[in-house]
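1. Here you go, sequence then predicted model.
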Amino acid sequence: MHIDHTHRKWFTASLVIFGVATAVYVPYAAHSPGGPRGGSTIGLAFGIIGSAFMAFAGLLSARKNVPVWRLGRAQSWMRGHLWLGLLSLPLTFYHAGFRLGGPLTSVLLWLLIIVVASGVFGAVIQHYLPRVMTLQVPGETIFEQIDHVREQLVAEADRLVDGAETAEGTRRDKAGGGVSLAMQSEVAVDEAAALRNFYAREMRAFLTSGGKRHPVLSDADTARSAFEGLRTLLPAELHEMTQRLGAICEEERQLRRESRIHHWLHGWLMMHIPLSFALLLLGCVHAITALRY
Amino acid sequence: MSGAALVELTIDGKRVAVPAGTSVFDAARLNGIAIPTLCHQQNETPVGVCRLCVVDVNARVFTASCVRPAEPGMVVNTASEKVQRARRTLLEMLMADHLSPCARQQHSGDCELETLAKQAGIAEPRYAKRNASRGKDNSSVSIAVDFDACILCDRCIRGCGEIRENFVLGRMGKGGTAGIAFDDNEPMGESSCVSCGECMVSCPTGALTNRGVTATALGSGPDVQQVSPERLQELPVFKGVSGTFLSLNRGAVVQRRFRAGDVICSEGEYGSTAFYILDGKARVSISTPMAHVKTQGALKKFIGKLSSGLAQRQQDRREEEADQRWIPIDAPVDLNYDNPVAELGPDDLFGEMTCMSLYPRSATVRAETDCTTLEMLRNVLDIMQRNKTFRAQLDKSYRRRALDSHLRSVPVFAELTDDFIASLRESVELVRYSPGQVICKQGDPAEAFYLVRIGFVKVSQAHPGGEIVLAYLSRGDYFGETGLLLGDVRTATCTALDHVEVVRIGADDFRRMIEQFPVIRQKLEAVEQERALMNRQRLSVLHSVPLDSFLAQGLMEAQSLLLLDLNSCTRCDACVRACADAHDGITRLVREGLRFDHYLVATSCRQCLDPLCMVGCPVGSIRRRNSLEVIIEDWCIGCGLCAENCPYGNINLHPFNVTVDDPERPGRKKAVMKQKATSCDLCKDFAEPSCVYACPHDAARRVDPRRFFAGLLGQAPGIARKV
Amino acid sequence: MAGAERTTKKLAQRIDLNYFKRPHPFRRWRFWLSVTAPVLAVLWLAWCGLAGNQRVYSGGKLSSAHAVLVARCNACHVKAAGAFSARASDQACLSCHDGPIHHANQTFTPNCASCHEEHQGRMQLASTADASCTQCHLHLKTSGSPTKFVRNIRSFGSAAHPEFAALRPGAIDPGTIKLNHAVHMKPNLAGPNGPVQMDCDNCHRAPTSNQAFRFDSATGMPVTIAEKSQLSIAISARAYMAPVTYAKHCVACHGLQFDKRFTESAPHDTPQVIQAFLVQKFQQYIGGHSNELREPGPDRTLPQKPAPLSVRLLTRDQWVAERVGESEELLWRKTCRQCHALTLAADGGLPTVAHSNITARWMPHANFNHERHQMLKCTECHSGALTSHETADILLPGIRTCEKCHHSGADAAEARCFECHTYHDWTKQKEVKGKLLLSGLGCGE
C-alpha cells in the first residue's frame, strides 16, 4: 500500500471532518452544564457518527469476501477504512468527553485506542515493508507456498546429489585406460563423498529444519565460503552442481527472509482484527445499554 | 534427384527404371500400375502387415511390394492368377474378422476393405466369422472405436506416431487377442489422445470413425448454406481433397451469400475463418485514416473520416517508409498506400492469416456485386493448402498479383524495371514454414534473399547473455540481403513464429539484380549500415536499461500485462481470490513470475500479439473475440497443447465437472471430471478486470507494456519494427 | 536438470493453484482469534449478567455520597414496566432527596441530572458547573413579574458578576447604633483599667464562640430579642459573626452609671425596665438612708446677711421620684443617647428607642463562611474598618476583594456559582420519608 498523492482527497475530507467536529465540540464542551456527555444530543451525534465510521471500517472484511460484487472498488474501501477508521478515534473521544467512564466504556475506549494504534502501525508497516521485501527478496514466491516450494527445492537437491554419484561413477568408468576398475570406483566414490557428506550433514538439515538457524548456511557469507571450500574438494565436473546447490541454499535463505518480512507485514492483523470485532460487539452492547440507562 | 542411381526392373512385362531405393509398389505406381493395398499409406512408413500388395517376383514366396525395394533385373508380376488368388484369400480372411457392413461402409460406402472385397467379388467369406465381439470404445468425444472392424493394419499407429508424433496408439495382445490400444490399453477418451483425427483419417475401415461431436462456430442464418461434400468436390480447388475428410468436417466449410454492399469482414475484427470467393466481386480496402490521401472518386466512399489519425500517421512515418507504397494485407493482393483499395474476384482466397494464425482481419472486404463465398475453418484451409491444385492456384495468383507489389514494396527494389520483375516472377520460390522452423541460422552461408508473404518471422542474434530478438518481420518485410551483399554468413537467425510463407530469391538472381542495378547495392549497403548502427545502439542500451530482460521475458510480445507493483503490493492475495471468485473458483492468475523493474509480471494471459497458445489447437476452441481477450470455449478437449505452447505458463488445466452421455446407459447423462484449459479472459463480462478491481492498494494494473514502459526503455513504442 | 534459468513458466508451475483455498496457519490463527475475541467479550458480559453485576454498564464511578449504591443500579435507574428506557429520572432522586424549586418565577425547571451529573467519579454532586446556572442567568428571563436581579451573569468576577447588592451605590448601613470604628480601633483607647488597643475579635465572633470576651461583663447579661434575629439561616454555626451585643462587647467600657450613690449600671433594657429598676433601687436606698429625706436647701447665707436654713422634708415617694427623675434625665439625655437613636416623649413619658437594626447577615442570597477565611487578618477583607467613622459605612468587602482569591484557574480559590449560591430554596424544604432498607443497600450483610 502506498499512502501517496492518491489519498489526497480522503486526507482533505478527513481534515475537514475533523475540523468541523472540533469546531462543534469546543463550544459544546464549554457550554454544557456538567461538561460534555455521551448522552447529550451532540455527544450522541458524535457517538453515532463515530460508530458508523467504525462499522464501515469493520465491513472491510466482509467486502473482501465478495471481491467481485460491484460494491465500490477495493481501493476506495481501503482508503475509507483507513481514514474514516482513523477519524473514529477523535470522534469517539468527543463523544466520551475525554472521560473513560465505567468498566464497559473504559474497555471500549482502550480497545479503540489499541485497534487504531495497531491500524496506524500496520499502515506504516504496509507502506514501507513491501519495498523492503522487493529489494531484499528477489527470489520471492507466494508466502503460503513457501513450504511447498521448499519441498521442491529439497527434492531437486536430492536429485542433484544422487545424480552426482552416478554421474561421477559413469564418468570415471568411461575414462578408464590402464587403471583397474576397482581403483576407479574407489576414486569415484571418494570424490563425490565430500559433496554427499556436506549435503547430508549440513545442507539437508538446513533445508528441512523449517526455518531454524544453521551455523554455516544461514548467513550468505559463511555459506559462500563453505561452498568455495567444498568446490576445492570436488572435480571440475561437479562444480556446476555445487553452484546449483549453492543457489538452492541462497533461495532457501531468501525464503526465510521472506517469511520473516511477511510475518511483520501481516502479523499486526492478529491484534487488529480480533480486537476490532470485540470492539464492534461491545460497542453495540454499549449503545444499547447506554441508551437504556 | 540428380545423381541417384537408377534400377531397371520389369513389372508386368514392362521395363521400367526407377531410382534406387524405390519400393516395388512405388515403382509400379510410378508407371501407372496399381497394386491394391490396405496397410500402406503414402505418407507413412510401409510396414507390410496386410500382405495385400504381394506380388510375384519369381522367388520362393510372394513379396510385399510396399516394403520390398526394387532390385535390378527383378521381374515382377502384380496380377497373376496366383497373386490374385492369394489376395482373395487374404481378403476373405480379413472379411471374416471384419463385421460387415462397418460404420464407414454404412455412412460413406468407402470402407477400403469392403470395397476391395466387393471388387474381388467376395460376397460372403468362406471362413467362419468371429463369434466373440472385440468390443467398442466410445469414450472419446470425437472418435468412435469399433474393434470389430479393425484389421490391424497399423495405419492409425503410424499416423499417430510418425505423422502426428503423439504416440498414443500402439499394439497390445498376441494372436487372437491382438488389437490396437491407447496408452496402457486405456479407453480412448481417458488416454492422452488429443483427438487430432489422424488415426481416423488413416483408418481404411470403419474401425475409427468420426463422431461428429465438435461443433463449429460458423453460425447459421439465411445467408449461410451448408454445402455437401459432393458439391465441394465439384469445385476445381477442392479437386483431390479427400471426400472423407470433407464429409467428416461437414460444417467446417459453409457457403455464404452476400448482397452487393454487404460487409464480408471488417478490419481489426478477430476471426478464425478464411473466405474463398466462388463468384462475384468484392472490394478490399482499409478505411482507417492515413496520411496521404488523394481523394479520388472511388476513394471518397471509403475514406470517410480524416481525423487526428493524420497527425499520428505522420509521426509514425520514418524516412525509409517514405518510399513504401504498398500495404500488405491478408489477401492475394496488397493495397497501394495512396489508394488503398483493391478488387477481389472469383477464385480469390482471403483471410488466410486470420484463419491459420488467428490474427485480426487486416482489411475490410465489402461485396461489390452479389457474392457467393465459402467460409472455412482452419482445418479445412490446412488441408486445402496441402492440396496440390489449390497450392498451384494460390501460387499463380500470388505471382500474378502480389509478387510485383511485394518486390516493389522493398524500398531498395523500387528501381527494378518491369522486365526484371517479370523474369523474377517465375524464378522465385514460395516456401512454407511451420511455426518454430528455422528459416536461416546465424553463421550459415547466405544463399537466398527472403520476402515474407504471410506470417511472422523472428530475427534474433545469439549473444553471450542469451538470444536477443532484433525484430519481428511480417508480410512485405524482407531479410537475408546482408549476408548476400557481404558474401558472408548470416548475421542473425530467422525463425518462423507461425505459419509463414516466404518468397525465396536465390543467390544467383540476387547477384544478377545487383549487377544490373548498382544503385540497389548502394541502397542496401546504406540500409545495412543503418541497421548495424541501430543494433549497436540497442546493445549499448541493453546494458544500461533492462531492455534485455524486457525482451527476454517476451514482454514485447504482450498486448496486455498484469503488473503487480511490488512496492505497493502487500501480498494479500485479494487479486487471486477475486479472480477465482469471478471464474468458478479457478484462479486465472498466479502471483509468481519474473520481475521487471519493481513490478511483478504476474502469470496471467498476456494477450500476445502472436498468440503461440492458439497454434495447434486441434479443435479451435482457444480463440480471440472481437477485442483483446483470449477465451477458451466450452468444447476444449483438455489436450494441454495451449498450456504447453504458452511460454509463460499462463494457461493451466483444471478438472471440471461436465455432464456427458453415459455410454452404459444411453439417453442418460453422467458427470465426469474433464480436464479443461483455463486462461485469463480480461473479465470481459465485467467492466474492469476483477483482480484490478479488487486490489485494495491499487497495486494491480493491466497495461500495454510498450506504452507503459516507454519511458523506462528510453525509446518510443514501436521499437521492434523494421530495424 | 534443475532449471538454472529462471522463467516465468517454471516459477509459476511450482505453485499449487489451489493454495489460496487451503487453510494456512496464518489465516487459521486470524480466524480463530477473530472468533475468540468477541466470544470472550460476550462471555465477560454474560458472566457479569449471570452474577447480577450491572456495574459493568456504569458510566463512571459514583460520587462519594452515592458510593454505597454502586451495586444497586435500580436505586436510581428505575425501569417502568414494559418500557425500554431505564434512565435515572427525577422521581428516583426525589425518593431520597428534596430539591425545592429555586424561584417561583423561573421559566423552566431543569431536571436533577442536568446539573447534578452522576458517574463522574468521586466528587461532590452538589458542585455543579457554572453552566447549570448560566443556562438561565446568562440571559435571565422570568415568567410573571420582571425581576430586579441582574440579567446577565456569566461567572464570578467583577467583569461577569454584579457588585454585591448590599454595596450598591447609595447603600448605607441601616443600623441605628452610633459606632465609630476608627475611634474604637485607635491605640491608647481609654479602657476600664487604663489605655487599651482593641482588636476585631474583641467584639466580632461566631455565635458559638466559647472563648471569654475581653471586655465582657462579668454579669453576663442575657442576649436580648433584637440580637437573636436573623441568625436562624446560617449554614454553619461559625459561618457568620454574631451581632455585636452590649452585654458582651460594650459593657466593659460603656457603663450605664446613673447616680453617684450607686456603682452599678442601670440595666441595658427597655426604658420601662430601667425606670422600674431605678425606682426599686432608690426605694431600697431610702429605706436604709432615711436621713436623706431631710434635704437641706441650699445655704443662702450671705456674709452680712444670715438666712435661715431651709430644709425640705420629703416623703419617701417624693424623694424616690425626684431621684429617678434626675437619673432618667441623665440617662435619656446623655448616656443612652451616646449610642442609641432615642426620641424623647413629648409629654415627659418614656422615650422610644429606635430598633438597633444591626444586620446580622448582609448577603441573604449568598453563603459566606468566616470560619473558612479565619486564617486571614480581618482587615485584609474589611479594609475600611480602621478608617470608618460613620455608622452608615458598610464595611462589607466588595466583589473585588473576593475576586482576589476567588477567580477562575487552577491556582485560585473556588469561584464557581455553587461556592456561594444555592439553587434550591431550602426555606421551602419538605421532609423526605425514607423508605430504603439496609438490606436494600446491601449494607450490614
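-> Thanks, I have it.
2. from here on, contacts and neighbour counts on C-alpha atoms
-> Will do.
3. Report the secondary structure element holding the nearest residue to residue C:150 once chain neighbours are set aside.
-> Nearest residue to residue C:150, sequence neighbours excluded (Cα to Cα, 6 or more residues apart in numbering or on different chains): residue C:162, at 7.1 Å. When elements are assigned from DSSP states H and E, residue C:162 belongs to no helix and no strand.
4. Please list the residues of chain A that sit near chain B.
-> A:1-2, A:64, A:66-68, A:73-78, A:126-127, A:130-131, A:134, A:141-142, A:265 (Cα under 8 Å from any Cα of the partner chain).
5. which of these count as buried?
-> The neighbour-count test (16 or more other Cα atoms under 10 Å in any protein chain shown) marks A:1-2, A:64, A:67-68, A:73-75, A:77-78, A:126-127, A:130-131, A:134, A:141-142, A:265 as buried among the residues of chain A next to chain B.
6. so which of those also contact chain C?
-> Answer for those near chain C (Cα under 8 Å from any Cα): residue A:142.
7. tell me which helix or strand of the chain sits lowest on mean pLDDT?
-> In the absence of a named chain, this looks at chain A. Sorting the helices and strands of chain A by mean pLDDT, DSSP states H and E puts helix A:181-198 at the bottom, at a mean of 64.
8. Not quite, go with chain B.
-> helix B:309-316 (a mean of 27).
9. quick one: the closest residue to chain C within the stretch 451-600 of chain B from residue C:10, how far?
-> Using Cα to the nearest Cα, the single residue of the stretch 451-600 of chain B nearest to chain C is residue B:593, 4.4 Å away. For residue B:593, the distance to residue C:10 equals 8 Å [Cα to Cα, to the nearest Å].
10. Check residue A:210 too.
-> According to Cα to Cα, residue A:210 and residue C:10 sit 24 Å apart.
11. Compare these two and say which is more crowded by neighbours.
-> residue C:10 (17 against 11; other Cα atoms under 10 Å in any protein chain shown).
12. Give me the phi and psi for residue C:279.
-> phi -60, psi -50 (degrees, to the nearest 10).
13. meant to ask about residue A:162
-> phi -60, psi -40.
14. Pretty sure residue B:182 sits against residue B:188.
-> Yes. Look at residue B:182 against residue B:188 with Cα atoms under 8 Å: they come within range, at 5.8 Å.
15. So which bits of the stretch 451-600 of chain B are right by chain A?
-> B:566-571, B:574, B:577-579, B:581-582, B:591-592, B:598.
16. can you give me the helices for the stretch 201-350 of chain B?
-> B:229-234, B:243-248, B:297-302, B:309-316 (DSSP state H, counting those that start in this stretch).
17. meant to ask about the stretch 1-150 of chain A
-> Along the stretch 1-150 of chain A, the segments classed as helices by DSSP H, counting those that start in this stretch run A:8-31, A:41-65, A:74-96, A:103-136, A:146-175.
18. For the first one, give the mean pLDDT please.
-> Over the span of helix A:8-31, the pLDDT mean works out to 92.
19. quick one: contacts of stretch A:39-48?
-> Stretch A:39-48 is contacted by residues A:28, A:36, A:37, A:38, A:91, A:92, A:94, A:95, A:96, A:97, A:290, A:291 when judged by Cα atoms under 8 Å, 6 or more residues apart in numbering or on different chains.
20. buried ones in that stretch?
-> A:39, A:42, A:43, A:44, A:45, A:46, A:47, A:48.
21. which one of those is nearest residue C:422?
-> Distance ranking of these against residue C:422, using Cα to Cα, places residue A:39 first at 26.1 Å.
22. what helices or strands is the helix or strand hosting residue B:494 leaning on?
-> Using DSSP H and E, residue B:494 sits within strand B:493-496. In terms of contacts (3 or more Cα pairs under 8 Å, 6 or more residues apart in numbering or on different chains; DSSP states H and E), strand B:493-496 is packed against strand B:438-440, strand B:457-463.
23. and residue C:380, what pLDDT?
-> Note for residue C:380: predicted pLDDT of 91.
24. so what secondary structure elements neighbour the helix or strand where it lies?
-> Assessed by DSSP H and E, residue C:380 sits inside helix C:378-381. Using 3+ Cα pairs under 8 Å, 6+ apart, no helix or strand is in contact with helix C:378-381.
25. which residues sit against it?
-> Taking Cα under 8 Å, 6+ apart as the rule, helix C:378-381 contacts C:200, C:385, C:386, C:397, C:401, C:402.
26. Not counting sequence-adjacent ones, nearest residue to residue B:673?
-> Using Cα to Cα, 6+ apart, the closest residue to residue B:673 is residue B:657 (4.8 Å).
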